[in-house]
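[1] Quick one, structure for this:
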Amino acid sequence: MSTFLLEIVTPERKVYAEQANMVSVKGVEGELGILPNHIPLVTPLKIASITVKKQGSKDEIIAVNGGFMEVRKDKVVILAESAELPEQIDIDRAKAAKERAEKRLAETKQDNVDFKRAESALQRAVNRISVSGK
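    Presented below is the predicted three-dimensional model:
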């Protein structure tokens with residue numbers, strides 16, 4: 001089975017760079033499954049986990065907090081605001097961030113800028129918690 005290089009890059013570092021058989025992501029328009037030799041594509045990503053499928057091994061789940069995905073014939077690059085592998089996630093810190101975000105959401109009004117920030121913080125925390133548990 002053919003493969004492609006998957007790279008996940010943040011402003012700070014390269015988080016992941018390995019051969020994959022498939023990657024499944026959540027774009028702003030919906031879920032996408034990318035296989036080798038996919039047509040070129042650039043799409044924005046949601047705050048969500050991505051699934052990397054590799055032949056002969058267990059699926060890898062990675063927390064990606066927004067960004068863009070560029071698909072080329074033999075390479076997929078995810079430029080993320082931040083990304084973490086499950087073993088890199090501090091679950092206690094993520095739970096504390098979730099509680100803070102929920103508290104801010106309860107206190108703010110929907111038309112306030114702080115509401116959007118709190119909502120994004122909550123999505124990031126929930127994403128991190130779900131990936132650390134997989």
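[2] Quick check: buried residues in stretch 61-75?
    Using 16 or more other Cβ atoms under 10 Å as the test for burial, stretch 61-75 gives 61-67, 69, 71. (Each C-beta comes from the backbone N, C-alpha and C, glycine too.)
[3] Identify each of the helices in the protein and give its residue range.
    Ranges of helices in the chain, per DSSP state H, are 91-107, 113-132.
[4] and the least confident of the buried residues of stretch 61-75?
    On pLDDT alone, residue 66 ranks lowest of those, at 86.
[5] Which residue is the nearest non-sequential neighbour of that residue?
    Among residues not flanking residue 66 along the chain, residue 81 sits closest, at 4.7 Å (Cβ to Cβ, 6 or more residues apart in numbering).
[6] That neighbour is in contact with residue 46, isn't it?
    No - using Cβ atoms under 8 Å as the test, residue 81 is too far from residue 46 to be in contact (11.5 Å).
[7] Who does the most centrally placed residue in the chain form a beta bridge with?
    The residue lying closest to the centre of the chain (Cα atoms, centre = their mean) is residue 64, at 1.8 Å. Judged by DSSP bridges, the bridge partners of residue 64 are residue 48, residue 83.
[8] hmm, back to that, who touches the residue nearest to residue 66 in this structure?
    Residue 81 makes contact with 10-11, 65-67 under the criterion Cβ atoms under 8 Å, 6 or more residues apart in numbering.
[9] Rebuild the residues you listed as CSV, extending it with distance to residue 95.
    Formatted as CSV, these follow (distance: Cβ to Cβ, whole Å):
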residue, distance to residue 95
10, 22
11, 25
65, 16
66, 21
67, 24
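[10] Residue 102: which of the residues you listed is nearest?
    Lowest distance from residue 102 to the contacts of residue 81 (Cβ to Cβ) belongs to residue 65, with 17.7 Å.
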